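Participant: Build the 3D model from these lines:
(2 chains)
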Protein chains: 2
Amino acid sequence: MLPFTRVTVIGLGLIGSSICRAVRAHLPTVRITGHDASAEVRDIARRIDLCDDVTDTPGASVIDADLVILCVPVGRMGEVAEAIADDLPKGAIISDVGSSKGSVAKALEAALSGHIIIPAHPVAGTENSGPEAGFATLFHNRWCIVTPLPDNREADVEKLCDFWTKLGANVEKMTPTHHDLVLAVTSHLPHLIAYTIVGTASDLEQVTQSEVIKYSAGGFRDFTRIAASDPTMWRDVFLSNKEAVLEMLQRFSEDLAAMQRAIRWDDGDALFEHFTRTRAIRRSIVEQGQDDSRPDFGRSHL
Amino acid sequence: MLPFTRVTVIGLGLIGSSICRAVRAHLPTVRITGHDASAEVRDIARRIDLCDDVTDTPGASVIDADLVILCVPVGRMGEVAEAIADDLPKGAIISDVGSSKGSVAKALEAALSGHIIIPAHPVAGTENSGPEAGFATLFHNRWCIVTPLPDNREADVEKLCDFWTKLGANVEKMTPTHHDLVLAVTSHLPHLIAYTIVGTASDLEQVTQSEVIKYSAGGFRDFTRIAASDPTMWRDVFLSNKEAVLEMLQRFSEDLAAMQRAIRWDDGDALFEHFTRTRAIRRSIVEQGQDDSRPDFGRSHL
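Facilitator: Model (predicted):
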């Protein structure tokens, strides 16, 4: 049984185009319609045959959809929802893939009152952007967090969960508020810190950028990957999940101050104890299939 | 022409054992002798045939060496140097692979006055430790920084540079002081931050460790790799390069406070401008062969 037969994806970047490819790969009889605000992206989508149909307006893309997934930066969810409001069929489920859920839920509810809104967030991605960066296996063995709203019917939520499961994801449900707290620590804070340290390293007067690049294999290069993520997407994430991000940042800053103090006062035991503890977390992540078990992320050493 | 014919490696962990393997692979006629303070590691080294000879004492390993490389945590360099002082031939070059150079140079000079001391640091590694974690290609296309001391003869420095080049590394020379500043930003600060955030994420009361692990693909998992690095090694690095690390940490904290402020005051333009700038650094690192060009570090998505 197919949970949906006519899926619309609005926003054909990394995640949107990966959904299109994953639907083609796993649900080949589902009709997939796409739209993107950029004419250039629409042209690419048509050229690489990403969808069965690419429409020039958002409204046209949703006309006969039974599932609509918004894959635009979280700051644009509201206006896109408004743009499709008149054409969205009453029985269609509207969902999204945004990295923050509380603010998205609010924006969608404001624009699409009376519609079935079930926000979701597949925790997957790469540092690349655009319709050609996507791939069908992006969601395999990754978690998709579905954040039902109080008025959702259980059957509708299960249909969305089923859809993500069919794309290869594991599904977990939680409230939007809890999602935003969890992702603030597992995703938003790490991105903020990576963006910050890459900036710090670029602005030094005693160490040149060329030196930073040359000797980046000492650890720095790991941070540059996520600091190469889409700037628009991430600006919106931080502004839309402000409270949780600031709370996690505050905790991180306190912990960093404690490390700073341990270094200043030569407290080797405190450092050693901390570094031993953090090693165990890595082991669990690898054991649970959430990262590559090969050393150095399996980077090639040729 | 071989720069050296009898090489001794003291400390048979990830880096020491990789040197042994790289010598075997690239300089097969060079005789390689190893020693490790741990009897268990010595047994493993013998079993996997890492060296031509594994000695039970540090002194015995250096008796006829023309190059001795200390691959022990930087906090132990001084005592190991003392332990080999009586047996070290006068003409032998003594070098190391420590991640901080000023303090190591001091420790070696104090213990081995009158000997030829040329500190060095191959900027390469993985998160794994021990004699079985090493591999022959670890130094390929990575930089090895040689930090000559004022009384070094040019010919001796060139021999050491030649050795590292033959193991596949690119060699750069700089002063120990400058090395310590460069590595503070490209290696030490990234490790400190990674260790800190992994600790922060483990200690939350609103988000469970199990959730942190499950949703780590949002970015957090990238940090756990370097936070899984050897605790002894890293405790010593921070304590031995304290000044430079604290200076870089101070700059990072200021930059983080600026980001925090931008988020608090909804300054989307400042965030966007910053995130756009950091993207370029990643591009240069990949272009210069210092990281994998495949998205997501080439992690498998099966």
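
Participant: Return the residues in contact with the residue of the stretch 201-302 of chain A found nearest chain B.
Facilitator: Taking CB to the nearest CB, chain B has its nearest neighbour within the stretch 201-302 of chain A at residue A:218, 2.8 Å off. The way it works is simple: take the backbone N, C-alpha and C, and place the C-beta from them, glycine included. Residues near residue A:218 by CB atoms under 8 Å, 6 or more residues apart in numbering or on different chains: B:99, B:123, B:125, B:183, B:186, B:187, B:188, B:190.

Participant: can you tell me the helix or strand for the fourth one?
Facilitator: So that's residue B:183. helix B:176-183 (DSSP states H and E).

Participant: any residue of the following helix or strand past that helix up close to chain A?
Facilitator: Scanning forward in sequence from helix B:176-183 by DSSP H and E, the next helix or strand is helix B:189-202. Yes - with CB under 8 Å from any CB of the partner chain as the measure, helix B:189-202 is seen reaching chain A through B:189-202.

Participant: By pLDDT, give me the weakest of the residues you listed.
Facilitator: The member of the residues of helix B:189-202 next to chain A with the lowest pLDDT is residue B:202, at 90.

Participant: Run a quick neighbour tally on that one.
Facilitator: By the other CB atoms under 10 Å in any protein chain shown criterion, the neighbourhood of residue B:202 contains 17 residues.

Participant: quick one: the longest helix along chain A to helix B:189-202, angle?
Facilitator: When chain A is parsed with DSSP state H, its longest helix is helix A:242-264. Interaxial angle, helix A:242-264 versus helix B:189-202 (axes from the mean of the first three to the mean of the last three CA atoms, to 10 degrees): 120 degrees.

Participant: and after helix A:242-264, which helix or strand comes next?
Facilitator: As the chain continues past helix A:242-264, the following element, by DSSP H and E, is helix A:268-287.

Participant: and that next one, what other elements does it pack with?
Facilitator: Secondary-structure packing of helix A:268-287 (3 or more CB pairs under 8 Å, 6 or more residues apart in numbering or on different chains; DSSP states H and E): helix A:242-264, helix B:189-202, helix B:209-214, helix B:220-226, helix B:231-240.

Participant: I'd like those as CSV, with distance to residue A:228 appended.
Facilitator: Converted to CSV, those look like this (distance: least, CB to CB, whole Å):
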stretch, distance to residue A:228
helix A:242-264, 20
helix B:189-202, 15
helix B:209-214, 23
helix B:220-226, 12
helix B:231-240, 26
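
Participant: How confident is the prediction for residue A:283, by pLDDT?
Facilitator: If you check residue A:283, the pLDDT there is 89.

Participant: Just tell me which of the helices and strands packed on helix A:268-287 ends up closest to residue B:135.
Facilitator: Closest approach to residue B:135 among those (CB to CB): helix B:220-226, 16.8 Å.

Participant: got a list of contacts for the closest one?
Facilitator: A:185-187, A:190, A:194, A:219, A:222-223, A:225-226, A:278, A:281-282, A:285, A:290-291, A:296-297, B:127, B:190-191, B:193-195, B:197-198, B:201, B:212, B:216.

Participant: Return the distance of the residue of the stretch 51-200 of chain A found nearest chain B relative to residue A:180.
Facilitator: At 2.8 Å from chain B, residue A:187 is the closest residue in the stretch 51-200 of chain A, using CB to the nearest CB. Remark: distance between residue A:187 and residue A:180 (CB to CB, to the nearest Å) = 10 Å.

Participant: just to revisit the earlier point, how far does the helix holding residue B:183 sit from its chain's centre?
Facilitator: 13 Å (CA atoms, centre = their mean, to the nearest Å).

Participant: Could you see whether chain A lies near it?
Facilitator: Yes - using CB under 8 Å from any CB, helix B:176-183 reaches chain A at B:181, B:182, B:183.

Participant: Any regions of the stretch 151-300 of chain A where pLDDT drops low?
Facilitator: Filtered on pLDDT under 70, the stretch 151-300 of chain A yields no residues whatsoever.

Participant: can you do 80?
Facilitator: Along the stretch 151-300 of chain A, the model assigns pLDDT under 80 to residues A:300.

Participant: Now do the same for residue A:171: helix, strand or coil?
Facilitator: Following DSSP: H, G, I helix; E, B strand; the rest coil, the label given to residue A:171 is strand.

Participant: show me the contacts for it.
Facilitator: By CB under 8 Å, 6+ apart, residue A:171 lies in contact with A:143, A:144, A:145, A:146, A:161, A:164, A:165.

Participant: Skipping adjacent residues, who's closest to residue A:94 in space?
Facilitator: Once flanking residues are discounted, residue A:94 sits nearest to residue A:68: 4.8 Å by CB to CB, 6 or more residues apart in numbering or on different chains.

Participant: re the thing from before, just the closest of the contacts of residue A:171 to residue B:12, please.
Facilitator: Nearest member of the contacts of residue A:171 to residue B:12, counting by CB to CB, is residue A:143, at 40.0 Å.

Participant: Would you mind confirming that that closest one is in contact with residue A:170?
Facilitator: Yes - using CB atoms under 8 Å, residue A:143 is in contact with residue A:170, at 5.1 Å.

Participant: more neighbours, those two?
Facilitator: Per other CB under 10 Å, whichever of residue A:143 and residue A:170 has more neighbours is residue A:143, with 21 against 16.

Participant: For that one, what are phi and psi?
Facilitator: With angles defined as degrees, to the nearest 10, residue A:143 sits at phi -90, psi 140.

Participant: Over to the one 5 residues further on?
Facilitator: Recorded main-chain torsions at residue A:148 are phi -60, psi 150, according to degrees, to the nearest 10.

Participant: related to what we said a few turns ago, pull the number of nearby residues for the closest residue to the residue of the stretch 201-302 of chain A closest to chain B other than its chain neighbours.
Facilitator: Leaving aside its sequence neighbours, residue A:218 sits nearest to residue B:187 (CB to CB, 6+ apart; 2.8 Å). Residues near residue B:187, counting by other CB under 10 Å, number 27.

Participant: just residue A:119 next, same as before
Facilitator: By other CB under 10 Å, the residues close to residue A:119 number 30.
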